[in-house]
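Asks: Okay, here's the prediction I keep looking at, along with the sequence it came from:
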Amino acid sequence: MAADSEPESEVFEITDFTTASEWERFISKVEEVLNDWKLIGNSMGKPLEKGIFTSGTWEEKSDEISFADFKFSITHHFLVQESSDKEGKEEVLEDAIPQSIQDLLCMNNDFPPRAHCLVRWYGLREFVVIAPAANNDAVLSESKCNLLLSSVSIALGNTGCQVPLFVQIHQKWRRMYVGECQGPGVRTDFEMVHLRKVPNQYTHLSGLLDIFKSKIGCPLTPLPPVSIAIRFTYVLQDWLQYFWPQQPPDIDAIVGGEVGGLEFGKLPFGACEDPISELHLATTWPHLTEGIIVDNDVYSDLDPIQAPHWSVRVRKADNPQCLLGDFVTEFFKICRRKESTDEILGRSTFEEEGRETVDITHALSKLTEPAPVPIHKLSVTNMVHSAKKKIRKHRGVEESPLNNDVLNAILLFLFPDAASDKPLDGFTSTGNNNPSSDNEEYNLYNQFKSAPSDSLTYKLALCLCMINFYHGGVKGVAHLWQEFVLEMRFRWENNFLIPGLANGVPNLRCCLLHQKLQMLNCCIERKRARDEGKKSTLSDYTSSASAGDSGPDHLKDTDKEKGEVGKSWDSWSDSEEEYFECLSDTEELKGNGQENGKKGGAKELSSLKPEGRLHQHGKLTLLHTGEPLYIPVTQEPAPMTEDLLEEQSEVLAKLGTSAEGAHLRARMQSACLLSDMESFKAANPGCFLEDFVRWYSPRDYVEEEVVDEKGNVILKGELSARMKIPSNMWVEAWETAKPVPARRQRRLFDDTREAEKVLHYLAVQKPADLARHLLPCVIHAAVLKVKEEETLENISSVKKIIKQIISHSSKVLRFPNPEDKKLEEIIHQITNVEATIARARSLKAKFGTEKCEKEEEREDLEKFVSCLLEQPEVSVIGAGRGHAGSIIHKLFVNAQRLTESSDEAASMAPVEEEPKRTSSSEERRQNSGSDFPAPAGRELILRTTVPRPAPYSKALPQRMYSVLTKEDFRLAGAFSADTSFF
């Protein structure tokens, strides 16, 4: 072993002292960041304007540095200002005192209501903070603090940076900072003291002045005057003498016409608790000098009533319970439920004792199965009604989620036409308060993709929202939805139109559920028209046929035409199979018509009878026969909802891009064209494709003036170029089209099938799906409610937020299946607006704006209240002597009387030691009167300009900030010294 160790002992080691240590690397990183941020040299800015710290824009830059393995974040905070430097002055200002040190004496921005704590304590417009990157890390030991301060001092000296640089020490909640600012021949040290318990000698001005003077250590015998700024903050928490104007909803009320003050179709509004928790009054003495006032442990001249400046801020209650926000939030929670309607209401509802489970979804299949019983006994209506009886049999009245009175009242509100006699008051109006259709608010549903505010869908959404909140939650929602679906089935079976829906095809700008209901209404309209046509159309068509056949060529077949019409309508049925049987009688007729159409012979054409004419088309005549051109009765195209359009587009897209796929896609899309061609051929015997194009697509028939053989100018027409393309779909469709009137064609829109699809779609909707469909309507209603309430208060900031909500909602709700997070953001914004309006009403009630007799005073108070909502702090005009100031004074006086009366009741057994514990603050309060309680916070700023450290040094700014609360005492001092003459 000894032999092995001998060579190691002779190894010559070289220590390289030029290698940077961790400390030097840290300093280098700080210097590098300061250089990157261009914080080198003197940058003089404009003098600070009054209130700029609050109204101006603050920005920050951040980076990450490390000392060994300990990570720090370095952040540059600065007020955005236009630079006022001029190139000609740069040399003159080279040796000037840094801007940050000059700002220590600025009195325009004392006690800013909203700013970084270092801005409030030192009045800085720009500074850099080095703090531990992790929230749990802290610089606790004194040696580490001194090491960081040394690093800061060296970095500032090496770079020439004149921006104050702070280091955060101790735990972050203490907000302890130490720092330094260097300039040419000047250095300012930023120091801080933070205590939990306040020393008695420092609770007044005289004690703090002693600290300030001793810290300055000015050698001059006549000490320069010290400028003083004082602010006392008083907190008013007791609002017991004022009733909160919002009436809470009476949940137990009967639903005869109202539920807790809430009518059907209307959303609640307001906060259930006072949204204003505290009022803070700050009394400020901005410009005082030592010797003018007395404030010590015995006596104080600082009477808040006499303070020259008052400012007020309100503390808002954290997340106050708001009715509208709760309504919408609870409805949104249904979207996350996964149970079906059957699971919520109980699967046993469709079970009978001793029998197998009867599934209502098999009701339609039984219609197609052979059965010995008559078909009307197996109708869907009977199946649904039998299932409904079983539901009510197994679920008693007590177990029903919805009370019968509530259910009947809601159904009557949704379907006012269901009342046998004159509808009850309160349910007939589909919204007399609704804006007109030309109004921007009414058309808001186009942006939200919801439904019109007077529609059935909109009212259903509000009723479900109310049921969910007041009556049974999701079970009540499932129950009402089940009854709604049964009502839809009943109306389809009995040809009753659905009220509250616009006529016509489904509006694709509305939600899908609204489109489905519109589709069902279209089906009901077609079914009603068909059923009425069986009774009335025979006579109509007979008279029209006799009128149209008055010519000599058609007198022969008048009786035959009558018979065909009667037979066609009598054999018309809902099923497609029976519907096509009527075409067999005219098979030969169609074939002849097709051949004649191809040959174009005049004699063959004259043998066909015109059918299905609507009216003559102006002066147009058929090109070959010269007969008048008649517009035929055509089938209306099938209405479609957005999901059907999407399915159709997917099917067409799957056909591919091949020639065969394109041809098949064109044939699928030309069903309506073929139907119109057949109707046109039936109405205009002997017509050609050119005749059809002249009516159907005039642009595809080109006419030009041509000179004939005799020299006359005549019009010659021909089909357009696209119509002459080989294998053109129009030509192919014309060749295959047969002269069949619309009434004998296969229906483009099978209302029976489409209605059953809609009813099935409604029946299988889960409460979560239903809530997703109707949430845009609920948000739409909430926005309208907020706008309505805002017009009563006229708050400008709320108007801007409402516009932002509408813009945001229109972007989110326009697309299907929006993200839950985005929906929650919208609901949160609506709740915030509701809380703001509730705060405005709370403040108006407290300040009595409605009680003001003078118009000017009332306007000033309303402006004052609106400013309290929008600004962090509002100045009181006239301080304690103004109108608003006198109201605030009364608020504090009343609160003090309540406090004193409760204290007297509690102090029936006096304690001997109590007088000894009376603090000087209480004595001062008694001296200045008992109108105000003891200040919750005392802030003082002491400033002066003295030479340090020697009498011949440059006179430099000195500043000390002090804040005193019940459990906190802080001194923040900025003490400057001359580094050239010391």
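Replies: Arrived safely, thanks for sending.
Asks: Now Leu513. Nearest residue, chain neighbours left out?
Replies: Take Leu513 and drop its neighbours on the chain: the residue closest to it by C-beta to C-beta, 6 or more residues apart in numbering is His773, 4.0 Å away. Using the backbone N, CA and C atoms, a C-beta is placed for each residue, glycine as well.
Asks: Can you show me the strands along the stretch 251-400 of the chain?
Replies: Remark: strands assigned in the stretch 251-400 of the chain by DSSP state E, counting those that start in this stretch are 258-259, 262-263, 276-289, 309-316.
Asks: Same list (these) but as JSON lines, adding mean pLDDT and distance to Asp708.
Replies: As requested, the strands of the stretch 251-400 of the chain are exported to JSON lines (pLDDT from 0 to 100; distance: least, C-beta to C-beta, whole Å):
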{"stretch": "strand 258-259", "mean pLDDT": "38", "distance to Asp708": "83"}
{"stretch": "strand 262-263", "mean pLDDT": "60", "distance to Asp708": "78"}
{"stretch": "strand 276-289", "mean pLDDT": "91", "distance to Asp708": "93"}
{"stretch": "strand 309-316", "mean pLDDT": "91", "distance to Asp708": "90"}
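Asks: Redo the ones you listed as JSON lines? Include distance to Leu689.
Replies: Below are these laid out as JSON lines (distance: least, C-beta to C-beta, whole Å):
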{"stretch": "strand 258-259", "distance to Leu689": "65"}
{"stretch": "strand 262-263", "distance to Leu689": "61"}
{"stretch": "strand 276-289", "distance to Leu689": "78"}
{"stretch": "strand 309-316", "distance to Leu689": "75"}
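Asks: how about the strands in the stretch 801-950 of the chain?
Replies: In the stretch 801-950 of the chain, the strands defined using DSSP E, counting those that start in this stretch lie at 874-876, 937-947.
Asks: Out of these, which gets nearest to Asp417?
Replies: Asp417 lies closest to strand 874-876 among the strands of the stretch 801-950 of the chain, at 54.9 Å (C-beta to C-beta).
Asks: which other helices and strands contact the closest one?
Replies: When contacts are defined as 3 or more C-beta pairs under 8 Å, 6 or more residues apart in numbering; DSSP states H and E, strand 874-876 packs onto strand 309-316, helix 855-870, helix 883-906.
Asks: and those, which is most packed in?
Replies: strand 309-316 (a mean of 18; mean count of other C-beta atoms under 10 Å).
Asks: Indicate which one of the strands of the stretch 801-950 of the chain is closest to Ile27.
Replies: Among the strands of the stretch 801-950 of the chain, strand 937-947 sits nearest to Ile27 (C-beta to C-beta), with 31.4 Å.
Asks: Quick check: neighbours of that closest one in the sheet, parallel or antiparallel?
Replies: Here strand 937-947 is paired, per DSSP bridges, with strand 227-236 (antiparallel), strand 955-965 (antiparallel).
Asks: and Arg526, which of the strands of the stretch 251-400 of the chain is closest to it?
Replies: strand 262-263 (35.8 Å).
Asks: and the residue nearest to Leu513, which of the three is it?
Replies: helix (DSSP: H, G, I helix; E, B strand; the rest coil).
Asks: which residues touch it?
Replies: Going by C-beta atoms under 8 Å, 6 or more residues apart in numbering, His773 touches 511-513, 765.
Asks: Cys867 now?
Replies: Contacts of Cys867 (C-beta under 8 Å, 6+ apart): Val874.
Asks: what about it, distance to Cys852?
Replies: Counting by C-beta to C-beta, to the nearest Å, the gap between Cys867 and Cys852 amounts to 17 Å.
Asks: Filter the contacts of His773 down to the ones in helices?
Replies: Taking DSSP state H, the ones among the contacts of His773 that sit in helices are 512-513.
Asks: So which of the contacts of His773 wins on neighbours?
Replies: Neighbour tally across these (other C-beta atoms under 10 Å): the maximum, 27 neighbours, falls on Cys511.
Asks: could the strands paired with strand 937-947 be laid out in CSV, adding mean neighbour count and distance to Glu825?
Replies: Output for those, formatted as CSV (neighbours: other C-beta atoms under 10 Å; distance: least, C-beta to C-beta, whole Å):
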stretch, mean neighbour count, distance to Glu825
strand 227-236, 20, 33
strand 955-965, 22, 36
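Asks: Distance to Leu140 and mean pLDDT for those strands - can I get that in CSV?
Replies: CSV is the format used below for those (distance: least, C-beta to C-beta, whole Å; pLDDT from 0 to 100):
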stretch, distance to Leu140, mean pLDDT
strand 227-236, 32, 93
strand 955-965, 23, 93
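Asks: Give me the neighbour count for the nearest residue to Lys966 once chain neighbours are set aside.
Replies: Nearest residue to Lys966, sequence neighbours excluded (C-beta to C-beta, 6+ apart): Ala936, at 7.2 Å. Per other C-beta under 10 Å, the neighbour tally for Ala936 reads 17.
Asks: how near is Ala936 to Thr233?
Replies: From Ala936 over to Thr233 (counting by C-beta to C-beta), the distance is 5 Å.
Asks: any residues in contact with both of these two?
Replies: What both Ala936 and Thr233 touch, as defined by C-beta under 8 Å, 6+ apart, is the set His280.
Asks: how about the helices in the stretch 451-600 of the chain?
Replies: With helices called from DSSP state H, counting those that start in this stretch, the stretch 451-600 of the chain shows them at 456-470, 473-493, 512-548, 558-570, 576-581, 587-599.
Asks: pLDDT on the fifth one, on average?
Replies: Meaning helix 576-581. Per-residue pLDDT values over helix 576-581 give a mean of 35.
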